[in-house]
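Asks: sequence and predicted structure, then a few things I'm wondering about:
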Amino acid sequence: MAAPVRVPFTRVRRVGMKGRDIQQDRRALTRAGYWPVNRTTKPPTFYDKPIYTHKFAMYVRRYQRAKHLPVTGQIDRATHNALAREYRDKKGGVHAYGYYGRAGALVMADVARKLRAQEAYLLSAGTVVARGVATALMCVRHRDSIHYTQGSLRMMGVNRRLYPPSFPTYGDCSAMVTWWYFASGTADPNGLGYSGLGYTGTQQNRGQSVRWQAAPTMAIAFYGHPIEHEAMVVRRGMVVSHGSEIGPLLLAINYRPPVLVKAHPLKVRPGFKPWPLRNATAH
């Protein structure tokens, strides 16, 4: 039996997330015998995808039931710790393909270190951009609670003057982008003073056009012919998009062909009172 190896806990992993820690989770589930595999299956380096899908969550729930853990479909600390023990409970066989192990522990430690560094930056850089990114990513983390609507509640984040850790539970693509700008402390990208009005049309006609390959953070990407959807850039080449009931997602900016990208001025608006970034990053 292999000696115990400490596998650092990185974050709560749930549907919609991507990362190398999630790839290691799949290997651990395979090692434990809860991710179906047969002897013709390719090794993990080939078949593992670092994406937490609904299928992934289904296997996690099966594992949690079998181990008498809270059945959430998410890998919280308790589930993580249980999976971290699995690799040393079996030897040989096809399940030797999948486990955290020593190599997995190094991967997880690297992911945890990068997440801590990102959090430290967001907590120290009290800028409009940092708040805009933190707010959008907070919505990704809470995507199961955010519903898609084009009705009267679409602008609830702005109309109710919500700031993190609060967030709107209803909205559409343009309303969510408007709220991320509102919570960041900058001016209304619709040019309407956060009156609760605005849509893709009022945003696409403002700002400076930029190439999508070089879109700066908090630029707005527009999609469709005619334009029918938008998303906000949160880092180079990545956007947060709220386009359906599935909730806000972190996606590549070219997950569908962008037809227009506009960068808006990001100055702090008069009267804005900065809120602690930990309000968005700690949830």
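Replies: Arrived safely, thanks for sending. Residues are numbered from 1 along each chain as shown.

Asks: show me where the stretch 51-200 of the chain has its helices.
Replies: Applying DSSP state H, counting those that start in this stretch to the stretch 51-200 of the chain gives helices spanning 54-66, 77-86, 101-124, 128-141, 156-159, 173-184, 200-204.

Asks: residue 167 is nearest to which of those?
Replies: Closest to residue 167 of the helices of the stretch 51-200 of the chain is helix 128-141 (Cβ to Cβ; 5.8 Å). Where you see a C-beta, it was placed from the backbone N, CA and C, and this is true even at glycine.

Asks: what's stretch 143-158 in contact with?
Replies: With Cβ atoms under 8 Å, 6 or more residues apart in numbering as the test, stretch 143-158 has contacts from 14-16, 139, 162, 167-172, 175-176, 178-179, 182-183, 194, 196-198, 242-249.

Asks: sorry, back to before: just name the most buried of the helices of the stretch 51-200 of the chain.
Replies: Compared across the helices of the stretch 51-200 of the chain, helix 173-184 shows the largest average neighbour count, a mean of 27 (mean count of other Cβ atoms under 10 Å).

Asks: rewinding a little: got CSV for the helices of the stretch 51-200 of the chain, with mean pLDDT too?
Replies: Formatted as CSV, the helices of the stretch 51-200 of the chain follow (pLDDT from 0 to 100):
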stretch, mean pLDDT
helix 54-66, 92
helix 77-86, 83
helix 101-124, 72
helix 128-141, 94
helix 156-159, 97
helix 173-184, 97
helix 200-204, 94
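
Asks: what's the closest of the ones you listed to residue 268?
Replies: When the helices of the stretch 51-200 of the chain are compared by Cβ to Cβ, helix 128-141 sits nearest residue 268, at 6.0 Å.

Asks: and that closest one, how far from the chain's centre?
Replies: Offset of helix 128-141 from its chain centre (Cα atoms, centre = their mean, to the nearest Å): 10 Å.

Asks: packing partners for it?
Replies: Counting contacts by 3 or more Cβ pairs under 8 Å, 6 or more residues apart in numbering; DSSP states H and E, helix 128-141 is packed against helix 101-124, helix 173-184, strand 229-235, strand 238-241, strand 249-252, helix 278-281.

Asks: as CSV, those with distance to residue 22 would be great.
Replies: As requested, the helices and strands packed on helix 128-141 are exported to CSV (distance: least, Cβ to Cβ, whole Å):
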stretch, distance to residue 22
helix 101-124, 9
helix 173-184, 25
strand 229-235, 18
strand 238-241, 16
strand 249-252, 13
helix 278-281, 19
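
Asks: out of these, which is closest to residue 58?
Replies: strand 249-252 (19.2 Å).

Asks: list the contacts for residue 264?
Replies: By Cβ under 8 Å, 6+ apart, the residues touching residue 264 are 181, 186-187, 189, 206-208, 218-220.

Asks: ok so, going back, dump the helices of the stretch 51-200 of the chain into CSV; add distance to residue 267 as well.
Replies: CSV is the format used below for the helices of the stretch 51-200 of the chain (distance: least, Cβ to Cβ, whole Å):
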stretch, distance to residue 267
helix 54-66, 41
helix 77-86, 41
helix 101-124, 20
helix 128-141, 7
helix 156-159, 18
helix 173-184, 11
helix 200-204, 17
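
Asks: would you mind saying which of the ones you listed lies nearest residue 278?
Replies: Residue 278 lies closest, by Cβ to Cβ, to one member of those: helix 101-124, at 5.7 Å.

Asks: can you give me the domain assignment for this protein?
Replies: The chain breaks down into these domains under automatic domain parsing: 20-121, 125-281.

Asks: reformat those into JSON lines and put distance to residue 10 next to each item.
Replies: Supplementary listing: the domains of the chain in JSON lines, determined by distance: least, Cβ to Cβ, whole Å:
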{"stretch": "domain 20-121", "distance to residue 10": "4"}
{"stretch": "domain 125-281", "distance to residue 10": "14"}
